[in-house]
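S.K.: Give me a model of this one.
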Amino acid sequence: MLHIKVVGSGCPNCQKLAEMCQEVVHEQNLQAHIEKVTDFHKFAELGIFMTPGLIINNQVMSSGKIPTKSTLLQWILEAAK
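M.R.: From the prediction side, this is the model:
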């Protein structure tokens with residue numbers, strides 16, 4: 001099972017990234033746990049210094065931007081292998 005963390009304060013960009021993750025997982029019929037990390041004290045511990053941040057299976061994939069849906073799809077499919 002994939003473990004996806006969306007790291008951010010809950011701003012619109014963070015919410016959009018979380019929604020995109022849910023869409024991709026649903027469209028690909030994958031098993032995934034999507035967690036929202038909103039405690040800013042944990043951001044640096046996770047390696048995120050700008051939000052929104054995305055971590056898939058404990059690997060930081062992006063920080064400070066929203067990836068395109070096609071890039072997100074590629075990352076999630078690669079992690080699902």
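S.K.: Can you report how many residues neighbour M1?
M.R.: 8 (other CB atoms under 10 Å). Quick note: C-beta positions are derived from backbone N, CA and C, even for glycine.
S.K.: show me what contacts it?
M.R.: By CB atoms under 8 Å, 6 or more residues apart in numbering, the contact list for M1 reads Q31, A32, H33.
S.K.: how many neighbours does the nearest residue to L30 once chain neighbours are set aside have?
M.R.: Spatial nearest neighbour of L30, excluding adjacent residues (CB to CB, 6 or more residues apart in numbering): A80 at 5.6 Å. If you count neighbours by other CB under 10 Å, A80 ends up with 15.
S.K.: cool, and W75?
M.R.: 20.
S.K.: And V24, by the same measure?
M.R.: 20.
S.K.: go on, V6?
M.R.: 25.
S.K.: Give me the secondary structure label for E78.
M.R.: With DSSP: H, G, I helix; E, B strand; the rest coil as the basis, E78 sits in helix.
S.K.: do you know how far Q28 is from I55?
M.R.: Using CB to CB, to the nearest Å, we find Q28 at a distance of 18 Å from I55.
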